[in-house]
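Asker: Task: produce atomic coordinates for the following.
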Amino acid sequence: MNSKIDPTIFKAYDIRGIYPAQLNEETIYKIAKGIFTFFVKKLNLSRAPRLVLSYDGRTSTPMLVKEARKALLESGAEITEIGMSTTPAFYFSLTHYDCDAGLQVSASHNPKEYNGIKFAFNTGGKVTKIGRDTGMDEVRELTLAEKFISLGSKGRVKRNEDVFEDQVENAFRLVQYPTIKKLKVVADPGNAVGALYLEALFKKLPCELIKMNFKIDGNFPAHQPDPLQFETLVDLRKKVLEEKADLGIAPDGDGDRIFFINEKGDVIQASLITALVARELLQKQPREKIVVDVRNTFNVEAAVKKYGGVLVVTRVGHALITETMKKENALFAGENSGHYFFRETG
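Answerer: Okay, the predicted model is just below:
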């Protein structure tokens with residue numbers, strides 16, 4: 001197995017490559033050490049960093065996580081391992097469990113041959129997602145040069161398996177436990193980890209959940225878990241009509257993007273979802289800022305203006321849009337790709 005690291009796997013918003021040609025047990029070991037070194041230098045801590053470790057359900061993930069965990073422990077990290085998880089649950093864990101930073105081993109919505117790493121740090125309850133403008137180049141250089149920091153003592157792991165229950169309870173608290181109608185909902189997470197959050201969420205909802213492709217299977221036998229490719233939504237749209245359901249839900253491979261189907265079987269534009277959420281929020285909190293990427297202004301601009309908000313337009317990319325949110329202290333943001341962000345949850 002070639003342990004030489006391909007520098008092209010360090011992308012604009014994550015680390016991502018084909019397993020095992022580009023990302024394998026040897027390379028992720030070094031990359032995890034590079035990320036640890038970046039965190040220690042960036043956060044300037046006088047103690048061992050507290051890191052979240054989580055991962056998706058791809059077939060290569062167990063082997064990669066084993067080596068990442070080993071590297072972090074050798075470096076001296078105190079790890080809170082939340083297990084198989086979505087990326088939003090990973091970000092939530094950083095602040096909810098008072099951790100400094102963390103890694104999510106996942107290749108999101110990409111085909112089964114891929115795997116990768118998303119990573120972020122927490123400062124004062126604000127999550128910074130690492131991308132090209134927030135530290136990715138530094139991590140790449142540290143890793144390629146193997147200029148690693150070790151704290152001289154072995155770290156430790158504690159496991160927390162309550163993240164989805166905690167995340168759902170936090171979401172209900174933020175929206176003040178609203179009364180929700182008994183809806184019939186069809187959901188298709190594409191055999192990916194979005195199923196785990198949906199299971200936890202619908203335990204708390206008075207709704208009928210009709211499940212499609214809920215069994216975690218990193219081979220993605222039904223379809224690639226990428227709802228931005230509308231051909232992956234064909235079966236879900238049909239099922240919504242067959243069941244006479246009120247709504248269809250399709251999260252992506254790591255659960256950080258989501259598309260909705262209406263009762264007519266039509267895909268709802270992401271810009272319309274952003275506009276609807278902005279309307280609801282601005283009615284309670286007028287004059288707040290709403291962030292959109294340059295592709296997502298349709299529908300949103302009119303809603304923000306009507307309900308007394310301030311529209312902020314930013315470049316494309318979830319790391320960029322969340323940095324803009326922090327800078328502007330915005331209430332909410334939405335991307336054309338189906339990413340949505342709330343101030344309270346980073």
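
Asker: Now that residue 235 has come up, it's in contact with residue 188, right?
Answerer: Yes. Taking contacts as Cβ atoms under 8 Å, residue 235 lies within contact range of residue 188: 7.0 Å. C-betas here are computed from N, CA, C, even on glycine.

Asker: Pull up the overlap in contacts between those two.
Answerer: Residues touching both residue 235 and residue 188 by Cβ atoms under 8 Å, 6 or more residues apart in numbering: 212, 222.

Asker: Between these two, tell me which one has more neighbours.
Answerer: Neighbour totals were compared for residue 235 and residue 188, and residue 188 leads with 30 against 15 (other Cβ atoms under 10 Å).

Asker: mind giving me the domain ranges of this protein?
Answerer: The record's domain parsing of the chain by automatic domain parsing lists 7-165, 180-261, 270-345.

Asker: can you give me how far the longest one is from the chain middle?
Answerer: Counting by Cα atoms, centre = their mean, to the nearest Å, domain 7-165 is centred 13 Å from the centre of its parent chain.

Asker: for the shortest one, same thing?
Answerer: On the basis of Cα atoms, centre = their mean, domain 270-345 is displaced by 17 Å from the centre of the chain it belongs to.

Asker: so residue 73, which of the three states?
Answerer: Here residue 73 is recorded as helix under DSSP: H, G, I helix; E, B strand; the rest coil.

Asker: Pretty sure residue 253 is one of the things residue 106 touches, is it not?
Answerer: Yes. Here residue 106 lies in contact with residue 253, judged by Cβ under 8 Å, at a distance of 7.2 Å.

Asker: who touches both of these two?
Answerer: In contact with both residue 106 and residue 253: 56, 193, using Cβ under 8 Å, 6+ apart.

Asker: nearest to residue 172, of the domains of the chain?
Answerer: domain 180-261 (6.6 Å; Cβ to Cβ).

Asker: Return the distance of that closest one from the chain's centre.
Answerer: Put simply, domain 180-261 sits 16 Å off its chain's centre (Cα atoms, centre = their mean).

Asker: Which of the helices and strands in the chain ranks last by mean pLDDT?
Answerer: Ranked by mean pLDDT, DSSP states H and E, the helix or strand of the chain with the weakest confidence is helix 318-328, at a mean of 85.

Asker: all strands of the stretch 1-150 of the chain, in order?
Answerer: Taking DSSP state E, counting those that start in this stretch as the criterion, the stretch 1-150 of the chain carries its strands at 15-18, 50-55, 78-84, 101-105, 114-123, 126-129.

Asker: List the residues that contact the residue nearest in space to the middle of the chain.
Answerer: By Cα atoms, centre = their mean, the chain has its centre lying nearest to residue 87, at 2.9 Å. With contact set as Cβ under 8 Å, 6+ apart, residue 87 has these partners: 104, 106, 108, 118, 254, 255, 256.

Asker: please redo it, this time with the cut-off set to 6 Å
Answerer: Counting by Cβ atoms under 6 Å, 6 or more residues apart in numbering, residue 87 touches 104, 118, 254, 256.
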